[in-house]
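Novice: show me the folded form of this:
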Amino acid sequence: MSSQRTFLVATDGQAVLRSHNDGESWQRITPDQDLEFDDCVRCLLPDRRNPNVVLAGAESGLFRTEDCGVNWRRVDCGLNGYAVWKLVSDETNPDIMYAGTGSPTRSIFFRSRDAGRTWERTSLEMPPKCAGVSRPRMLAIAIDPDNADSVWVGVEEGGFFHSSDAGDSWERLDKNWPAQFRGNSDVHSIVVFPGEPKTIVVVVVTGIYRSVDGGKTWQRTDAKDKWGIYYSRIAFRSPGSDNEVFLAISDGTPGTTSLFFRSTDRGATWCNLPFPVQPNSCVWGIASNPANPKLVLAGTKYGELYRSVDGGTSWRKEWREFSEITDVAWIPAIPANTGGGHHGH
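Specialist: Below is the predicted model of the structure:
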């Protein structure tokens, strides 16, 4: 039922806004919480076992809500003081989690084996500075659905890496990309599909790499050559699907428009799924939930929120617009008490 879900929008400057009534009204979090109500939140991770629980990676560490986004407390752990850019959990064992940090703090890969209560720093660490974005950030982490120790990591800017032992050791894989494209270390997003042959889709700033042999060989699609605009931003595998993946590309960052695509063959071919109006900037966040994979949210860099109820085939623009969107999510629950918070109208 639509009344039993919460929409969450992470922002740069207003923390996490939420709606418990299917987007009719929105609320900010109250002041004087561990998570500041005007904080920068970079990513959201709903709990796979408890629909009331969500983790948020912010510029000052890791935070957790147990009441659908109403109240947030700091997770006092090894991520304290780091800007957390990406959080993922394993599909079959959600106790296994990985996190990537970055600008303005050091870009480092962390792991947890207790559902995010404690975190261990690994050897994958980027230099303090890089080309292009000044300070690197770990934007992309994907866990192999068939093996939680097999994890793929992409850094803006810093390269594309794989570990087969949960982060104990690493291999850099962008050196295996076609010779004319080597050196493109600006990785934005990664999708890994279950089953064999192991198919991996990697989104870099100007295109998409695809491997169907576990990363041994790669084929590249140039975004501008294929779709007319160059800035490839995010790929998102539909929850529970062995084949479906969404892709958003733009004309830059923040950009002035965006295109949205769906593939039902693991990224071999793409179908354009247009929004009802031209987006005002690059799509920055895509989200769905195993409770209803057909309900998809897409948020743009400059605050527009779009909704699809048919798996991306058609869209509607939500009436509410936000400050800069960094991530979106929805969960199949509402808090026991939906009052409180600063109203966003």
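Novice: and for stretch 100-109, what's in contact with it?
Specialist: Residues outside stretch 100-109 that contact it (Cβ atoms under 8 Å, 6 or more residues apart in numbering): 59, 79, 81-86, 98-99, 110, 121-122, 124-126, 128, 133-141, 153, 155-156, 158, 167. Quick note: C-beta positions are derived from backbone N, CA and C, even for glycine.
Novice: which stretches of the stretch 51-200 of the chain have low pLDDT?
Specialist: 179-184 (pLDDT under 70).
Novice: what segments of it are strands?
Specialist: All strands of the stretch 51-200 of the chain, identified by DSSP state E, counting those that start in this stretch, fall at 54-58, 61-65, 73-74, 83-89, 97-102, 108-112, 120-125, 137-144, 147-156, 159-163, 171-172, 187-192, 200-204.
Novice: helices and strands around the longest one, which ones?
Specialist: Judged by 3 or more Cβ pairs under 8 Å, 6 or more residues apart in numbering; DSSP states H and E, strand 147-156 is in contact with strand 97-102, strand 137-144, strand 159-163, strand 187-192, strand 200-204.
Novice: under the pLDDT cut-off, which ranges of the stretch 201-345 of the chain? List them.
Specialist: Those would be 338-345, if you go by pLDDT under 70 across the stretch 201-345 of the chain.
Novice: could I get the full set of strands for it?
Specialist: Under DSSP E, counting those that start in this stretch, the stretch 201-345 of the chain gives strands at 207-211, 219-222, 231-237, 245-250, 258-263, 271-272, 283-287, 296-300, 305-308, 316-317, 325-331, 342-343.
Novice: out of the ones you listed, which comes closest to Ile29?
Specialist: For Ile29, the closest of these is strand 342-343, at 7.4 Å, according to Cβ to Cβ.
Novice: ok, for Tyr82, nearest residue in space, not its chain neighbours?
Specialist: Distance criterion Cβ to Cβ, 6 or more residues apart in numbering; nearest residue to Tyr82, sequence neighbours excluded, is Thr101 at 4.1 Å.
Novice: run a quick neighbour tally on the one you found.
Specialist: 27 (other Cβ atoms under 10 Å).
Novice: redo the helices and strands packed on strand 147-156 as a markdown table? Include distance to Pro332.
Specialist: Listed next are those as a markdown table, based on distance: least, Cβ to Cβ, whole Å:
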| stretch | distance to Pro332 |
| --- | --- |
| strand 97-102 | 20 |
| strand 137-144 | 22 |
| strand 159-163 | 32 |
| strand 187-192 | 23 |
| strand 200-204 | 27 |
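Novice: quick one, what contacts Pro290?
Specialist: Neighbouring residues of Pro290 by Cβ under 8 Å, 6+ apart: 48, 239-240.
Novice: hmm, try it at 6 Å
Specialist: 239-240 (Cβ atoms under 6 Å, 6 or more residues apart in numbering).
Novice: in the sheet, who's paired with the residue nearest to Tyr82?
Specialist: Listed beta-bridge partners, Thr101: Val84 (assigned using DSSP bridges).
Novice: and the strands of the stretch 201-345 of the chain: which comes nearest His20?
Specialist: Closest among the strands of the stretch 201-345 of the chain, once you apply Cβ to Cβ, is strand 325-331, at 10.2 Å.
Novice: ok now the closest one, how far from the chain's centre?
Specialist: 8 Å (Cα atoms, centre = their mean, to the nearest Å).
Novice: burial count for the closest residue to Ala291 other than its chain neighbours?
Specialist: Of all residues not flanking Ala291 in the chain, Pro332 sits nearest, at 3.8 Å (Cβ to Cβ, 6+ apart). Using other Cβ under 10 Å, the number of residues around Pro332 comes to 17.
Novice: can you give me the distance of Pro332 to Arg266?
Specialist: The spacing between Pro332 and Arg266, counted by Cβ to Cβ, to the nearest Å, is 27 Å.
Novice: likewise Asn243?
Specialist: 5 Å.
Novice: and those two? Which one has more around it.
Specialist: Arg266 (21 against 16).
Novice: on that earlier part again, and the strands of the stretch 51-200 of the chain as a markdown table, adding distance to Asp222?
Specialist: Listed next are the strands of the stretch 51-200 of the chain as a markdown table, based on distance: least, Cβ to Cβ, whole Å:
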| stretch | distance to Asp222 |
| --- | --- |
| strand 54-58 | 31 |
| strand 61-65 | 37 |
| strand 73-74 | 43 |
| strand 83-89 | 25 |
| strand 97-102 | 26 |
| strand 108-112 | 29 |
| strand 120-125 | 28 |
| strand 137-144 | 19 |
| strand 147-156 | 18 |
| strand 159-163 | 17 |
| strand 171-172 | 22 |
| strand 187-192 | 15 |
| strand 200-204 | 10 |
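Novice: I am finished for the moment; much appreciated.
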